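[1] next come a sequence and a model predicted from it.
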Amino acid sequence: MTTNVLCGKCGATLGSPAATCSRCGSRPAGVRPLPRPKNRWLAVALAALLPGLGHIYLGHFRKGLFYLAAAGGLEFLGFDLDLTGIGAALGIPMGLGGLGLWAHGIWDVYHLARRQA
């Protein structure tokens, strides 16, 4: 015994309840189209603009917030310590560490976007 399933928009006969209508192209309820891949170069540009912003654009929110907090914190503390007498011992390495983490974030965003495409 076969069961006929009709399209909700145009009334065409479908092969199964989960099939997309060949006449009008409507999808069954609950089926969403696949998300379009994100632009790799936009993600890299956002990561270069602000640490972690490229990760957030790609949907990696925790990683993006980590890069934002860690690189931003190291830069802030490094700059703050550079204004004191301890700057040569602690401030400069912290500032360089923040820049290094920022550069690593840009590299990481590029590779994440390449894998998602």
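    Sure thing, it's come through. Numbering: from 1, shown residues only.
[2] next, the contact list for G97, please.
    Applying Cβ atoms under 8 Å, 6 or more residues apart in numbering to G97 gives the contacts L74, G78. For the C-beta atoms, the positions are set from N, CA and C on the backbone; glycine is no exception.
[3] how close does it get to D80?
    G97 sits 14 Å away from D80, taking Cβ to Cβ, to the nearest Å as the criterion.
[4] got it, and H55?
    Note on H55: its distance to D80, by Cβ to Cβ, is 26 Å.
[5] likewise for P37?
    40 Å.
[6] then Y110?
    31 Å.
[7] and if you look at H60?
    According to Cβ to Cβ, H60 and D80 sit 29 Å apart.
[8] comparing these two, which residue is more hemmed in?
    Applying other Cβ atoms under 10 Å to H60 and D80 shows that H60 carries more neighbours, namely 18 against 13.
[9] residues near the residue nearest to that one when sequence neighbours are not counted, how many?
    The spatially closest residue to H60, leaving aside those adjacent along the chain, is L112, at 6.6 Å (Cβ to Cβ, 6 or more residues apart in numbering). Neighbour count for L112, taken as other Cβ under 10 Å: 20.
[10] give me the element L112 is part of.
    Element membership for L112, per DSSP states H and E: helix 92-116.
[11] buried residues in that helix?
    Buried residues in helix 92-116, counting neighbours by 16 or more other Cβ atoms under 10 Å, are found at 94-95, 97-98, 101-102, 105-106, 108-110, 112-113.
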